[in-house]
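Novice: Sequence first, then the predicted structure:
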Amino acid sequence: MMPGEHRNLIKGLVFISPWIVGFLAFNLYPLIASIWFSLCDYSVLSQPVFLGVQNYVDLWHDPVFWKALRNTVVFALVAIPLSSFLSIGLAVLLNQPIAGQGIYRTIFFLPSLVPAISLAILWQWMLNGPMGLVNNLVRPFLNIINAVCGSHLQAPDWLNDPNFALGGLILTGLWGTGQAVVIYLAGLQEIPLELYEAAELDGTSAWQRFLHVTLPMLSPVIFFNVLMSIIGALQTFAVPYILTGGGDGPGRSLLFLATYIYQNAFDYWNMGYASALALCLFVLIIALSLVSVRYGEKKVHYSGR
Amino acid sequence: MKPTRSSVPWFTRVALILLGVLFLLPFFWMVSTSLKPLNETMKLPPQWLPSSPQWNNYPDAMRAMGPFWLYARNSLLLAFLNVIGTVFSSALVAYGFSRLDWRGRDACFFVLLATMMIPFPVVMVPIYGLFKAVGWIGTFQPLWVPAFLAGAFNVFLLRQFFLSIPRDLSEAARIDGCSEFRIFWQIILPLAKPALLTVALFQFMATWNDFLGPLIFLARENQYTLALGLQALQGTISGTPWHHLMAASTLVLLPVLVLFFLTQRTFIRGIATTGLK
Amino acid sequence: MKSISRPVSILRILGCTALFVLAACSPKEDRRVSGRLVLEYWEKWTGFERDAMARVVDDFNDSQDRIFVRFLSVSRIDQKMMLATAGGVPPDVAGLWAINLPSYAENNALMPMDRLVRDSGIREEDYLPVFWKLCRYRNFLWALPSTPSVTALHWNKKMFREAGLDPEQPPRTIAELESFNEKLTRKNADGSLAQIGHMPQEPGWWMHDFPSWFGGASWDGGTQLLLDAAPNRHFFAWLESYPKRFGGPAMYQLRGAFGNFASPDNPFFNGKVGMIMQGVWMNNFIKNYAPAGFEYGVAAFPEETEHPGAPMTVAETDILVIPAGAHHPKEAMEFIAFVERQKNMENLCLGQRKISPLRRVSSEFVKNHSHPYLRTFLQLANSPRAQPTLALPTFKEYANDLTTYVNLVLLGRMPAEQARGEMLGRQQKALDAKLSRWNQVAPVRVSRWEAEIQP
């Protein structure tokens, strides 16, 4: 190693030293300890007792784990595309030079500022079957449909019906999509105007411009947001936890892996089992992230490449 | 699509207004409920406006939460420490990952990106044990010390920004004999203001609303934050006092709302400049 | 027992040193106020229940000048106390629920109180047997009762009259409860429910104890859950009959519109539900929130088979405990003993509008207690058939599962037999796991506890 190179290495390490300490204390050690705990029977107040792979065997045979896993994946697969469409759409609208832009931006960003407790409780109520606001908006439409088709559709009792509870949660999530909107908006502002002007000269329609200019230019941001949403959605915890009062929701329809981990760790004091569950969640996140990176690499358009 | 001001089509306006109303509805409900007497909160069909606004709900809710101003002080203190810590440490680390060349840098950066995928539940239990071992359970330290150790997401954002600053700037300074830290502090940081502001704002909101951290690490009531204090209002045997809860939520939301409204332009530009590519 | 393996411990040391380097010295609280030892006491109560205890704490602080009790309301106290104890910063005294006791004791979170209680002159004979029983687990005494409760049927007399029933004649068996139920239930024109006579999920706070009214508990107190025995079979079949008769979604629809418990819109007060299971505090809410002239009666909740003479009830109690690792157990016990004195206990229970856990009841207590049915509750608490609530070491898992399965059955989404079977499979396994964990640590643990309680 050249002396200069050596000096650079030292310099680099000094600059990133806060991260190295954080990485050792809050990532590497906990990860390894988690792996160890997942092989033990462990409640916080006594020493871990080695069990071997028992926790993983139990987990394999635990239908509630599978249910939580299924809910988690379904939630991610439904909620991420929906919120992506909504937030891209909103970002495009918000990028228009329209009067009161700042106010609109604040309105759409506002929900992501609401503390999880308030958000959950507000929606507990919005989704109330007989008197929730959501059903009061839905009912007139259902009445029209029922009148036209002669059907007997009824507004659902969102949070008490195993078939609708997840839908209710997704609605809640869509409302809180503001952070993604802001990031898309920032991405849109990066797109050079000349591209649009050139496209306009070619006589393309607004929709074509969206498809052929906006989307490709926005694709790195979409990729970034989707990756972040995957990581976030798979860890969904606070809102469903409060929405169900710490429980599982009707027919366990609002039980997610993160909730189940929390219950096992801090309600049942099965830290070992909680660690095994948590590592499964980790593997799931890595797997889905890798899939999206693989897929994204092919699709994402990087300018200047 | 970046049409000129005159050519915003009418349906764009209509869509924006409709969606805006839809997004505002829950807030409207929140504020209207915060001003209702309890017996009007559960009316069937729902009542849009209180028959007469109960301004007393606000002081009552603050009393019901416990020492409101103490919680507010705790929240502010933690938010302040977290913002300072994150901005400074993340910038430092991002600098090391972007403007210095050293062996193994890219491998390390890859590890940093990978840590973003470690879900909090995985590390929650051992981290608890760690803080217990150093005797920090029941103190504020677990809630702000980690912020001084850089967050992966913020390092990523800032690194993207630092990469976009021309290399020549620091080369010139280096030739003049500037120390690396001075280059970071006096040349790069001032240029990075919008990006730093973005990181600060993200961190402020995250800390302000954090619920799980204070729930797990704090023991004494007098250390509670506003987000945790809100929880004390949630269901007791007597049921949830909806009107108080909504009044308290409005109060907790207000500072962040004002902060965002005032900074939104810089905020969005800040994200834009990081590029995310 | 194997401790953390080598590489992990090296990493742990690294991690800890990293933290120590950064650590500002953590502030140590001053535990003395003007020469008095400060005890921290955590309670779950808020509102008037908190105020009642605050008065007793003030009395204690005024009664002597060595100890000062600092009284704090803590939300989610069961979780917080466990975490604080694990973190080495437990309070000196905590107010929990008796149902938490077994899991706390087995998890090493409590201090056995046998010796401390004996030394303070408190005796088993001072208490109603069922409440004393609730404080014991695995042959140790872990707590003393604070404010107890027993459950009873409450019925709305006006609704009885309107349905052509005798308002002074409550149902005496489950079968009668159900025939009254059908008479009390009214439907709207569109088929939805306008009011119902009884539904198990309102208020649904004692779901885990319901099998007791069908002839037996859900746990043998040892290794076996009794979900396969007749009482649970009958309980689940009873649940299943509800969606068949009233419609599952219809019941939840009705329930969705219920107002807050502590409000005039409480479904029992506004005539949406005619018969409920409730405790002695209910009278206070009725006085504060029910419409003027609201008439109700209280009697033992009906059993599947009638037992004339000895009424059935399920008892539970709030408890005072000393967490493991608390620094001043003797002083903590002094405070608890003060609360347990008849005069102070009666002040507390009067303030919270509950009954006293003590065997002796003063005439002032009866006189000052404004509850018209106080005698009924005292009779229930004194009954030889008063059962302790289901205090399982896996209570939280059990209760959480039960909520899920009961909801599915009440919605009509799952046959009762399937729900009961799944519940049994899961919960027996959870109990087995807890017990095998316990068996591994029991010898060490028990001998240490025994040493602790030696005179």
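Specialist: Thanks, I have it. All values derive from a computational prediction rather than experimental measurement.

Novice: quick one: low-confidence parts of chain C?
Specialist: For chain C, applying pLDDT under 70 flags the ranges C:1-33.

Novice: And it, what are its domain boundaries?
Specialist: In terms of domains, chain C is parsed into C:35-148+C:317-389, C:152-314+C:394-434 (source: automatic domain parsing).

Novice: So C:E40 lies in a helix, does it not?
Specialist: No - assignment of C:E40 by DSSP: H, G, I helix; E, B strand; the rest coil gives strand, placing it outside any helix.

Novice: Pairing partners for it in the sheet, please.
Specialist: Beta-bridge pairing for C:E40 (DSSP bridges): C:R70.

Novice: Counting neighbours, what do you get for it?
Specialist: Other residues lying near C:E40 total 22 when counted by other Cβ atoms under 10 Å in any protein chain shown. From N, CA and C alone the C-beta is placed, and that goes for glycine too.

Novice: Name the helix or strand for residue 171, please.
Specialist: I went with chain A, as the question did not name one. Using DSSP states H and E, A:L171 sits within helix A:165-175.

Novice: if you could check chain B rather than the one you did, that'd help
Specialist: Applying DSSP H and E, one finds B:E171 within helix B:167-175.

Novice: Is it possible to get CSV of the domains of chain C that adds distance to B:A195?
Specialist: Converted to CSV, the domains of chain C look like this (distance: least, Cβ to Cβ, whole Å):
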stretch, distance to B:A195
domain C:35-148+C:317-389, 37
domain C:152-314+C:394-434, 45
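
Novice: quick revisit: residues contacting the helix or strand following the helix holding A:L171, please?
Specialist: Next in sequence after helix A:165-175, counting helices and strands by DSSP H and E, comes helix A:178-190. Contact partners of helix A:178-190, identified using Cβ atoms under 8 Å, 6 or more residues apart in numbering or on different chains, comprise A:83-84, A:87-88, A:90-92, A:94-95, A:105, A:108-113, A:214, A:217-218, A:220-222, A:224-225, A:229, B:267-272, B:274-276.

Novice: gap between helix A:178-190 and the chain center?
Specialist: Centroid separation for helix A:178-190 versus its chain: 17 Å, with Cα atoms, centre = their mean, to the nearest Å.

Novice: Check stretch C:208-221 too.
Specialist: With Cα atoms, centre = their mean as the basis, stretch C:208-221 stands 15 Å off its chain's centre.

Novice: got a list of contacts for it?
Specialist: C:151, C:174, C:200, C:225-227, C:229-232, C:234-235, C:238, C:301-305, C:312, C:314, C:387, C:389-390, C:392, C:395, C:398-399, C:402.

Novice: buried residues in it?
Specialist: C:208-219 (16 or more other Cβ atoms under 10 Å in any protein chain shown).

Novice: Out of those, the closest to chain A would be?
Specialist: Checking the buried residues of stretch C:208-221 against chain A with Cβ to the nearest Cβ, the nearest one is C:H208 at 14.0 Å.

Novice: which one is the closest one nearest to, not counting chain neighbours?
Specialist: Using Cβ to Cβ, 6 or more residues apart in numbering or on different chains and skipping the chain neighbours, the partner closest in space to C:H208 is C:L390 (4.7 Å).

Novice: quick one: secondary structure of that neighbour?
Specialist: coil.

Novice: That one: neighbour count?
Specialist: Count around C:L390 with other Cβ under 10 Å applied: 23.

Novice: gap between it and chain A?
Specialist: Using Cβ to the nearest Cβ, to the nearest Å, C:L390 is found at 16 Å from chain A.

Novice: Run through the residues that contact residue 106.
Specialist: Using chain A. Counted by Cβ under 8 Å, 6+ apart, A:T106 has contacts B:257, B:260-261, B:264.

Novice: try again with chain C
Specialist: C:138, C:393, C:434, C:437-438.

Novice: which pair in the residues you listed spans the largest distance?
Specialist: For the contacts of C:E106, the farthest-apart pair by Cβ to Cβ is C:R138 and C:R437; their separation is 13.8 Å.

Novice: Those two - which one has more neighbours?
Specialist: Shown here are C:R138 and C:R437; by other Cβ under 10 Å, C:R437 has more neighbours (22 against 15).

Novice: Check which helix or strand the more buried one maps to.
Specialist: Per DSSP H and E: helix C:416-453 holds C:R437.

Novice: Out of the buried residues of stretch C:208-221, list just those in helices.
Specialist: Among those, no residue falls in helices (DSSP state H).

Novice: Turn those residues into a markdown table, including distance to A:I144.
Specialist: Shown next, in a markdown table, are the buried residues of stretch C:208-221 (distance: Cβ to Cβ, whole Å):
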| residue | distance to A:I144 |
| --- | --- |
| C:H208 | 46 |
| C:D209 | 48 |
| C:F210 | 44 |
| C:P211 | 48 |
| C:S212 | 51 |
| C:W213 | 48 |
| C:F214 | 48 |
| C:G215 | 53 |
| C:G216 | 54 |
| C:A217 | 54 |
| C:S218 | 50 |
| C:W219 | 54 |
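
Novice: buried set for the helix holding C:R437?
Specialist: Under 16+ other Cβ under 10 Å, the buried positions of helix C:416-453 are C:416, C:419-420, C:422-424, C:426-431, C:433-435, C:437-438, C:441, C:445, C:449, C:452-453.
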